[in-house]
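Colleague: coordinates for the following, if possible.
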Amino acid sequence: MAKNISQVYLLSVPLEDDMKNTLYFANATSQHSYFANNVGKTYTNVSYQSETRTFRCPDQLDTVRQYNYIMWQNTAYSNKWFYAFIKNMTYVNDGYTDVEFEVDPLQTWMFDIDIKASFVEREHTNDDTAGNNTVPEDVEYGEYISNGFTRDNTLSGLGYIIQTTRHYNYKDDGTGQSGQAATNFGGVYNAGTTFYVESVLDLVWLTQQYDKAGEGTAITNVYVVPRALVTDKPTLPLNTSTDSSNENWWRGMNNPVTYDVTITKQTTLNGYIPRNRKLLTYPYNCLVVDNNNGSSNVYKYEEFSTSNCVFEVEGIPTCGCSIKIAPKDYKGVTRYQQEGLVGGKYPTCGWVNDQYTNWLTQNAVNLNIGAVGSIASIIGGVGAIATGLGATAGVGMIAGGLAGVGNILKQQYEHSILPPTAGGNTNAGDITTCNDMNKFYFIRMSIKAEYARILDDFFDLYGYKTCRVKVPNKAHRQNWWYTKTIDANITGDIPNDELNRIKRAYNEGVTFWRNPANFLNYSVNNGIV
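Modeller: The predicted structure follows:
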């Protein structure tokens, strides 16, 4: 048997043959240095070592059974180092042990392969800015919880608008105009005379003046408005017995009232501060705007291009009040009207010949349209399930996820972002107005801290869902990074079976560890470098 051709070393290292975790080295020199420093037994006077998977070790079994890794170099032929997992040891006699091994392709060919652009299913990101990683995750995140709310108090404080066909103190000047006027509600004109008062006493006093003048039937509408929606307010004199100018009515305003509301983005989840900033985005963290009258919208923090969430409120004091809130600089639109929310209706007061019943009937019908649409959606969903579409989608989600831990974290049920009381306030404008609650509420919703911790740990281990064709990230984290591909594209002048094993490792998911001292230690910092 030829001697002095190869040198073989037995080692104890933390690597395992499932190749779920491996070490990363910047170059072959640092790689060899690490393994050389972990050598337990050295054999230099041995024959050529091929990849036939067996090395007859000139030592007793009890002497070498503590080692799990082997490295060798056929010095007579090349300076290439081979690295392998010890699979089994068999007693030959008191002087020899057969060591069966399998090449570790990730270490042996680490610097001989070229990883091309591949479909990357998951990986640790190299840019964890909140909003840059929004691909949905097939993981369970539990129910939502409120992190508090902000109420827009701009609409606090109420006034009353009285619409009539003529002024109660009208003096016929011979023109035949009957004291009529047109009121401008921010660009929407209504015929007739309009008065605005800010106290019930003034309201009662005014209606009494019409009664005294025998003009009670001239009142056509009395309703409540927020004071903030009325500009160019007139001053109503409490004693108008000498007033013959008919100048104490309100002529309206040229433009709607507009103002901004700024809401700070939520950076904690039920008190928990996440390490992975994907948890600061939807569906784990979001803002709900509620009109407290049965309508709510969900807004994603990451879709606001500004540092805070800014909304514009616009309103005019027509009957019931027409108020709308819309996000600004949202989804690339300066003012995103399509995702706006209409404010709740304000009460209409009762009076002789009142129109309240008509108004209530009309609006109740409109409000029920949403319920009819929901019922139609439910019927459509049942139909989809009956045809098998729902089952097909469910199977696809399960097949595309991670095995093991990923399956445990799969979504199990639907999650309700909206507060439980939101659906019970439909057509409750009167009572909410009486309680000074008929306004916009900004509710900071998130998942519970318990689930936030679970998902933070999950993202620490497996990164984010990526679903892109790209060259996988590498060497971009301080201590470790995970990569999982589908049909990895890897080339290299290496044996085909070992190239396929490398591809399989990437397709099944592999974590690279930069510092051997921190191998499998997920408690150390893993920031982006």
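
Colleague: now for the closest residue to residue 287 other than its chain neighbours: which residues touch it?
Modeller: The shortest distance from residue 287 to any non-neighbouring residue, by C-beta to C-beta, 6 or more residues apart in numbering, is to residue 299 (4.6 Å). In short, each C-beta sits where N, CA and C put it, glycine included. Residue 299 sits next to 286-289, 309, 327, 330, 339 when contact means C-beta atoms under 8 Å, 6 or more residues apart in numbering.

Colleague: return the member of these nearest to residue 350.
Modeller: residue 289 (31.6 Å; C-beta to C-beta).

Colleague: quick check: that closest one touching residue 444?
Modeller: No - Residue 289 lies out of contact with residue 444 (C-beta atoms under 8 Å); the separation is 10.8 Å.

Colleague: and the residue nearest the centre of the chain, its phi and psi?
Modeller: Nearest to the mean C-alpha position of the chain, by C-alpha atoms, centre = their mean, lies residue 282 at 1.0 Å. Phi and psi for residue 282, reported as degrees, to the nearest 10, are phi -70, psi 140.

Colleague: how many neighbours does the residue nearest to it when sequence neighbours are not counted have?
Modeller: Leaving aside its sequence neighbours, residue 282 sits nearest to residue 300 (C-beta to C-beta, 6+ apart; 4.1 Å). Residue neighbour count, defined by other C-beta atoms under 10 Å, stands at 18 for residue 300.

Colleague: ok, residue 300 - contacts?
Modeller: 281-282, 286-287.

Colleague: most neighbours among those, which one?
Modeller: residue 287 (27 neighbours).

Colleague: low-confidence ranges in the stretch 101-250 of the chain?
Modeller: Applying pLDDT under 70 to the stretch 101-250 of the chain picks out residues 169-180, 235-248.

Colleague: just the helices in it please.
Modeller: Secondary structure of the stretch 101-250 of the chain (DSSP state H, counting those that start in this stretch): helices at 105-108, 200-212.

Colleague: tell me the one of the contacts of residue 300 nearest residue 140?
Modeller: Closest to residue 140, out of all of the contacts of residue 300 and judged by C-beta to C-beta, is residue 282, at 15.9 Å.

Colleague: make a markdown table out of the contacts of residue 299 and add pLDDT, secondary structure and distance to residue 273.
Modeller: Shown next, in a markdown table, are the contacts of residue 299 (pLDDT from 0 to 100; DSSP: H, G, I helix; E, B strand; the rest coil; distance: C-beta to C-beta, whole Å):
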| residue | pLDDT | secondary structure | distance to residue 273 |
| --- | --- | --- | --- |
| 286 | 97 | strand | 17 |
| 287 | 97 | strand | 18 |
| 288 | 97 | strand | 21 |
| 289 | 97 | strand | 25 |
| 309 | 97 | strand | 20 |
| 327 | 97 | strand | 26 |
| 330 | 96 | strand | 25 |
| 339 | 90 | helix | 29 |
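
Colleague: and the furthest pair within those?
Modeller: Spatial extent of the contacts of residue 299 (C-beta to C-beta) is set by the pair 288 and 330 at 14.6 Å.

Colleague: stretch 459-479: which residues count as buried?
Modeller: The neighbour-count check on stretch 459-479 (16 or more other C-beta atoms under 10 Å) flags 459-460, 462-466, 472-473, 477, 479 as buried.

Colleague: pick the one among those closest to residue 253.
Modeller: Among the buried residues of stretch 459-479, and counting by C-beta to C-beta, the member closest to residue 253 is residue 464, at 50.6 Å.

Colleague: the closest one reaches residue 132, doesn't it?
Modeller: No - counting by C-beta under 8 Å, residue 464 stays clear of residue 132, with 9.6 Å between them.

Colleague: so what sits against both of these two?
Modeller: residue 125.

Colleague: who touches the residue lying closest to residue 157 once chain neighbours are set aside in this structure?
Modeller: Computed as C-beta to C-beta, 6+ apart, the closest residue to residue 157 that is not its neighbour in sequence is residue 227, at 4.3 Å. Each residue near residue 227 by C-beta under 8 Å, 6+ apart is listed here: 157-159, 198.

Colleague: so which of the residues you listed belong to strands?
Modeller: 158-159 (DSSP state E).

Colleague: before I go, just wanted to say thanks for your time.
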